[in-house]
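Chemist: how would this look folded up:
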Amino acid sequence: MVTVLGFASGLPLALSGTALQTWLTIDNVDLATIGFFSLVGLPYTFKFLWAPLMDRFEPPFLGRRRGWLVLIQLALAVCLAAISALKPSEQTQLVALTAVLIAFLSASQDVVIDAYRTDVLRATERGIGSSMSVFGYRMAMILSGGIALVWADSVSGSGWSWPKIYMVMAGIMLALAAITALFLPPVSAQNVAPPSRARNDLIGFVALLAAVTAGYMFTVKVASPTADAIFSGLFGNDLRGLIDPNLKKWSDLLSLLAGLAFTVPLAWWASRKAKFETLNISLANYFSMKGATAILALIILYKLGDAFAGALTTPFLLKGVGFAQAEIGVVNKVIGIWLTILGAIFGGLLMVRLGLFRSLLLFGFLQMLSNLGFWLVAILGKDAWGSFSLPAFDLMIVALREATKVDWLLMTAIGFENISSGMGTAAFVALLMALCNQKFTATQYALLSAFSAVGRVWVGPLAGVLAISMGWPTFFVFSTLAAIPGLLMLLSLKKIIDGLDSPAGLSQEGDE
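Modeler: Now for the predicted structure:
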C-alpha cells in the first residue's frame, strides 16, 4: 500500500505543472503567462499551515488518515474532471483557479500520506518503505508527466486531446480513492496530535485564511496598481495610458513580491494572535533547534538552480527548440524519470560511504553542472549530435504509432540532469528526515518540504520574464549560476549537518 500511496501522491503534481504547461503551450498561451502559472504550486509551499488541522481533527468515518485521504482523492477526481471542460486560451483565469485547487488538494494529500507512512512504518521498515514510496511516486510521474505527452502527440502517439487525458486521470484518481477506502490499513488510535484546544485551532486557521485574503486584496488593489504606475512613469506609456505589455510582466512580478512581503508576516502574526496552538507548538519546537533558520535557507537554495532550469523546460523544448511532444514525452518524462530512480538508488548507496554532508555537496555540484546540458541544447539546436529512431510500440497504456526520432544531445542532457537530480533528491530527503522531531513529524515534515518547494514554485514568474528578456542560452547559464548560493550555504553549515549523521542529531536539541 505504501507504493500505491506514493503513486497517488505523484499523479496530480504534473497535472498542475508540466502536463498543464504542455497543454497551455499547445493552446497558444503566451510564454510569460505560462511562467506565472508555476504559482499554482503555491499550496505546496504553504501546506504546513493547514497540516496541523489534519493532525488534530478526524473525519467521522474511516479514521483520521484514511478518512482524510478518501475525501481528498474524491475532490481531486472532481477537479480534474472540471478542468478538462475548460479551454486555457479562452478561460485562462478559470483554468488557473482550478489548477490552484488541484495543487491545494494534492499538497493536502501529501501531508496525510507523509504522516500515514510515519505512523505505520517501524524503524526497520522505513528504508524499504521510503524506496517503495518513491518508486510509486515516480511511476505516477511517468504516467501523468510522460505517457500523457505521448497520448497527446497527434503524429507518433495516440492523438488524444488534453481534455480527454485529464478525464482519464480523474478516473484513475477515483479508482485510487476506492482502493484507499477498501484496502488501506488504519493507523493506531494512539497516534494523536499533542493536546490542544480545538476551538483555538479552528479560530487560528480562520485567522490565517483572513490574513491570506487580506494579502491577496493588498496585491490586487494596492501593489499591482502601484507597480504599474512605477513602471509606466519610469519607461513611459502609450496614448491610452496603458503600460507596455512587456513592462507589464515585470510590473506583475514586482507586485507579486510586494504582496508576498505583506502576506507572510501578516499570516505569522495572525496565527500567533489567534493561538493556533498545534501549529505554533510544532514551529516553536523546530525553531528551537540550532541553526534552524539557516537550514531553512539551505532547503530553499539547494535546488534553486534546478528550479530555474526546470520551470520552463517543456516550453523550451517544444517551442524554443522544436521537439515533438512524443519525443519529449519518451525522453524527458519516461526514460528520464527511470534515470532519476536509478540516480536516487545510486545516490543512496553512495551516501553510506560519503555521509550526509559530502553527499549533499557532491550531488549539488553535479546538479549545477547538469543545467549546462540545456545550455548546449539551446546553443547547438536539434540534430547537433545526430539522432536514433525509436521503433513503434504498443504497450496498451502507451503506444507510438510510428517510429520516432530521438535526439542524442537531448537524450544526453536529460539523462545527466535526471541522474544528478535523483542523487540530489536522495540526499535532500535524508536531510529533511534527519531534521524532523519524531513528536511533530507530520507538521515539521510539511514545513520543511513546503520550504523545499519555494524555489520550484516562486521562480516560475521570474524564469518566464528572464527567458524572454535574455534568451534561452543566457537563461540556462543564469540557472547554473543560481545553484552557487546553495552550495556556499551548505559549506557554511558543514558542522551542523555533520552533527545530523550522529545518533543524537539536531532533532534532539529541540527537546532540551
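Chemist: tell me how many other residues surround Phe428.
Modeler: If you count neighbours by other Cβ atoms under 10 Å, Phe428 ends up with 24. (C-beta placed from N, C-alpha, C; glycine too.)
Chemist: where's it relative to Ala434, distance?
Modeler: Distance, Phe428 to Ala434, using Cβ to Cβ, to the nearest Å: 11 Å.
Chemist: how about Leu257?
Modeler: Counting by Cβ to Cβ, the gap from Leu257 to Ala434 is 32 Å.
Chemist: remind me which helix or strand the residue nearest to Leu94 when sequence neighbours are not counted belongs to.
Modeler: In this structure, Leu94 finds its nearest non-sequential neighbour in Leu86, 5.8 Å apart by Cβ to Cβ, 6 or more residues apart in numbering. Following DSSP states H and E, there is no helix or strand that holds Leu86.
Chemist: Leu390 reaches Val406, doesn't it?
Modeler: Yes - using Cβ atoms under 8 Å, Leu390 is in contact with Val406, at 5.1 Å.
Chemist: and for these two, which residues touch both?
Modeler: Val330 (Cβ atoms under 8 Å, 6 or more residues apart in numbering).
Chemist: show me what contacts Phe37?
Modeler: Going by Cβ under 8 Å, 6+ apart, Phe37 touches 20-21, 24, 96, 99, 460.
Chemist: sort out for me which of those residues are in helices.
Modeler: Among the contacts of Phe37, DSSP state H puts 20-21, 24, 96, 99, 460 in helices.
Chemist: which of these sits closest to Phe287?
Modeler: Phe287 has its nearest neighbour among those in Gly460, at 28.2 Å by Cβ to Cβ.
Chemist: let me see the ranges of the strands in the stretch 301-450 of the chain.
Modeler: With DSSP state E, counting those that start in this stretch as the criterion, the stretch 301-450 of the chain has strands at 387-390, 393-394, 399-400, 404-407.
Chemist: where among the ones you listed is the average confidence lowest?
Modeler: If you rank the strands of the stretch 301-450 of the chain by mean pLDDT, strand 399-400 sits at the bottom with a mean of 59.
Chemist: residues contacting Leu11?
Modeler: Counting by Cβ under 8 Å, 6+ apart, Leu11 touches 140, 143-144, 169, 172-173, 176.
Chemist: among the residues you listed, the buried ones, what's the ChimeraX command?
Modeler: In ChimeraX syntax, the buried subset of those is picked out as below (16 or more other Cβ atoms under 10 Å):
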select :140,143,144,169,172,173,176
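Chemist: in helices, which of the contacts of Leu11 appear?
Modeler: Counting by DSSP H, those contribute 140, 169, 172-173, 176 to helices.
Chemist: out of everything not next to it in sequence, what's closest to Met489?
Modeler: Nearest to Met489 is Leu298, by Cβ to Cβ, 6+ apart, at 4.7 Å.
Chemist: hang on, isn't the one you found packed against Lys494?
Modeler: No - counting by Cβ under 8 Å, Leu298 stays clear of Lys494, with 11.1 Å between them.
Chemist: looking at these two, which has the bigger crowd around it?
Modeler: When neighbours are counted by other Cβ under 10 Å, Leu298 and Lys494 differ, and Leu298 comes out ahead with 24 against 13.
Chemist: and the gap between the more buried one and Leu360?
Modeler: Going from Leu298 to Leu360 by Cβ to Cβ gives 9 Å.
Chemist: again, but for Gly63
Modeler: To Leu360, Gly63 is 37 Å away according to Cβ to Cβ.
Chemist: of the two, which one has the most company?
Modeler: Higher neighbour count among Gly63 and Leu360: Leu360, with 25 against 16, using other Cβ under 10 Å.
Chemist: near the nearest residue to Gln325 once chain neighbours are set aside, how many other residues are there?
Modeler: Nearest non-adjacent residue to Gln325, counting by Cβ to Cβ, 6+ apart: Asp153, 4.1 Å away. Number of residues near Asp153 (other Cβ under 10 Å) recorded here: 21.
Chemist: and Asp153, how far from Leu360?
Modeler: From Asp153 across to Leu360, the span is 38 Å (Cβ to Cβ).
Chemist: who's in contact with Val134?
Modeler: By Cβ under 8 Å, 6+ apart, Val134 lies in contact with 6, 341, 344.
Chemist: at 10 Å instead, please
Modeler: Shown in contact with Val134 (Cβ atoms under 10 Å, 6 or more residues apart in numbering): 2-3, 6, 9-10, 340-341, 344-345, 348, 422, 425-426, 429.
Chemist: would you turn the contacts of Phe37 into TSV with neighbour count?
Modeler: Formatted as TSV, these follow (neighbours: other Cβ atoms under 10 Å):
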residue	neighbour count
Leu20	26
Gln21	24
Leu24	24
Ala96	19
Ala99	23
Gly460	25
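Chemist: just give me the residue closest to the centre of this protein.
Modeler: Centroid-nearest residue in the chain: Ala453, 5.4 Å away (criterion: Cα atoms, centre = their mean).
Chemist: quick check: it touching Tyr44?
Modeler: Yes - with contact defined as Cβ atoms under 10 Å, Ala453 and Tyr44 form a contacting pair (4.0 Å).
Chemist: mutual contacts of those two, please.
Modeler: By Cβ under 10 Å, 6+ apart, Ala453 and Tyr44 have these common neighbours: 107, 110.
Chemist: mind jotting down where the helices sit in the stretch 101-250 of the chain?
Modeler: Remark: helices assigned in the stretch 101-250 of the chain by DSSP state H, counting those that start in this stretch are 126-142, 148-152, 162-183, 198-218, 224-235, 245-273.
Chemist: got TSV for these, with distance to Lys303 and mean pLDDT too?
Modeler: Shown next, in TSV, are the helices of the stretch 101-250 of the chain (distance: least, Cβ to Cβ, whole Å; pLDDT from 0 to 100):
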stretch	distance to Lys303	mean pLDDT
helix 126-142	16	72
helix 148-152	23	78
helix 162-183	26	91
helix 198-218	25	83
helix 224-235	28	78
helix 245-273	19	77
